[in-house]
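Asks: Show me how the following folds:
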Amino acid sequence: MFVYRPQHDGMIQPLALEEGLSVVDFGCGPGFVAMEFARRVGSSGRVFGLDINRRFIERATERVKEAGLTNIDFIHLAEEAIPLADASVDRLFCKNVLEYVPDALATLAEHFRVLAAGGRIQLVDSDWGFVVVEPWGKQATGEFFDAASGAFKEPYIGRKLYALLGKAGFEDIEVRVSAGADVVGGGMSVLTNMVSYIRRFETLPAAKLEDLMATLEVAVASKQYMFVLPQFIVTGTKPA
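Replies: The predicted structure is shown next:
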C-alpha cells in the first residue's frame, strides 16, 4: 500500500524534481516515496520526510540507513508547525493527509511558509464521494463510506483542494484526476481498513457489514468485482 512502484511515476511527475532540489514529503508514512525523492534529487539535494506517526519515522530511518541514502532526514511531527525555516525548500508533496488534519487551510499555510518563492506544491488526495464499489451499487457504497466518514475530518477533500490552494496564496493551480480500476481485489485493503473504522464507530450493524464484505469476496472470485477510488492531483506555485 505504501511501497513506491514505477507505475506511480505519473503521480509525482508534476513536482518536476531535479538534481539539487530540497523536498518535503509531508505525511511521509514509512518513507518509501521520500526515498524515491532522495534518489531523484541526488547527493546535492535534500529530502525531509515528516509524519505524526513515530513508528513510521523510526522504521523509515532504519530503512534509509540500510539503503545507504545520506541526503534524507525523517522528522517526527509533534505539533502542527513544520520544524523548518521560512522559504527553505523547493518542493512539497502531500498525499492522502489533508482529509485527516483539523484545519486544512492552516496546514496549507505552513506549507506556503516553508516553500521558497517559486516553489511548487503537489497535493494528492481522495474524495470518498466518487468511489465505485461493485457489485454493491451506489446506495450501499454510499452508506458504507458514510458509516466510515467519522475517521476523516474532511472525507470530500479532493474536490476542495483547488479552492483551498488559492485561499492559501498559491497560484498557477492545476488539477487532474487519476482513477484506475481494480478488478482483482487489490483495493480490498482499503475497504478492510474502512471496516475497522465502522466497527469502532458502530455505525452499521455487524451482520450487514459482514454480508457486504462477503459479497465482495464472492465477486472477486467470480470476476464481478470492481473498485475505483479517484485521486485528485493538484499542483500550485508560491508566487515569486
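Asks: from here on, contacts and neighbour counts on C-alpha atoms
Replies: Noted.
Asks: for the chain, what helix or strand is lowest in average pLDDT?
Replies: Lowest by mean pLDDT, DSSP states H and E among the helices and strands of the chain is helix 9-12, with a mean of 82.
Asks: which element follows it toward the C-terminus?
Replies: strand 22-26 (DSSP states H and E).
Asks: The helix or strand harbouring Asp125: partners in the sheet, and parallel or antiparallel?
Replies: Taking DSSP H and E as the definition, one finds Asp125 inside strand 115-126. Strand 115-126 has its sheet partners listed here by DSSP bridges as strand 89-95 (parallel), strand 231-237 (antiparallel).
Asks: possible to save these as JSON lines with mean neighbour count and distance to Ala106?
Replies: Formatted as JSON lines, the strands paired with strand 115-126 follow (neighbours: other C-alpha atoms under 10 Å; distance: least, C-alpha to C-alpha, whole Å):
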{"stretch": "strand 89-95", "mean neighbour count": "22", "distance to Ala106": "14"}
{"stretch": "strand 231-237", "mean neighbour count": "23", "distance to Ala106": "16"}
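Asks: now those strands in a markdown table, with mean pLDDT?
Replies: Converted to a markdown table, these look like this (pLDDT from 0 to 100):
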| stretch | mean pLDDT |
| --- | --- |
| strand 89-95 | 97 |
| strand 231-237 | 97 |
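Asks: Now distance to Glu154 too, for those strands, in JSON lines please.
Replies: Below are the strands paired with strand 115-126 laid out as JSON lines (distance: least, C-alpha to C-alpha, whole Å):
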{"stretch": "strand 89-95", "distance to Glu154": "14"}
{"stretch": "strand 231-237", "distance to Glu154": "14"}
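Asks: and Phe130, which of those is closest to it?
Replies: Shortest distance between Phe130 and those, using C-alpha to C-alpha, is found for strand 231-237: 9.4 Å.
Asks: between the strands paired with strand 115-126, which one is nearest to Val220?
Replies: Comparing those by C-alpha to C-alpha, strand 231-237 comes nearest, at 22.7 Å.
Asks: What are the contacting residues of the closest one?
Replies: By C-alpha atoms under 8 Å, 6 or more residues apart in numbering, the list of residues contacting strand 231-237 from outside reads 11, 14-15, 118-127, 158-159, 161-162, 165, 170-179.
Asks: any idea where the strands of this protein begin and end?
Replies: 22-26, 46-51, 72-76, 89-95, 115-126, 132-134, 171-178, 181-182, 226-228, 231-237 (DSSP state E).
Asks: Now the buried members of the contacts of strand 231-237.
Replies: 11, 14-15, 118-127, 158-159, 161-162, 165, 170-171, 173 (16 or more other C-alpha atoms under 10 Å).
Asks: returning to that earlier point: what's the average pLDDT for the strand holding Asp125?
Replies: For strand 115-126, the mean pLDDT works out to 97.
Asks: Nothing else from me, thank you.
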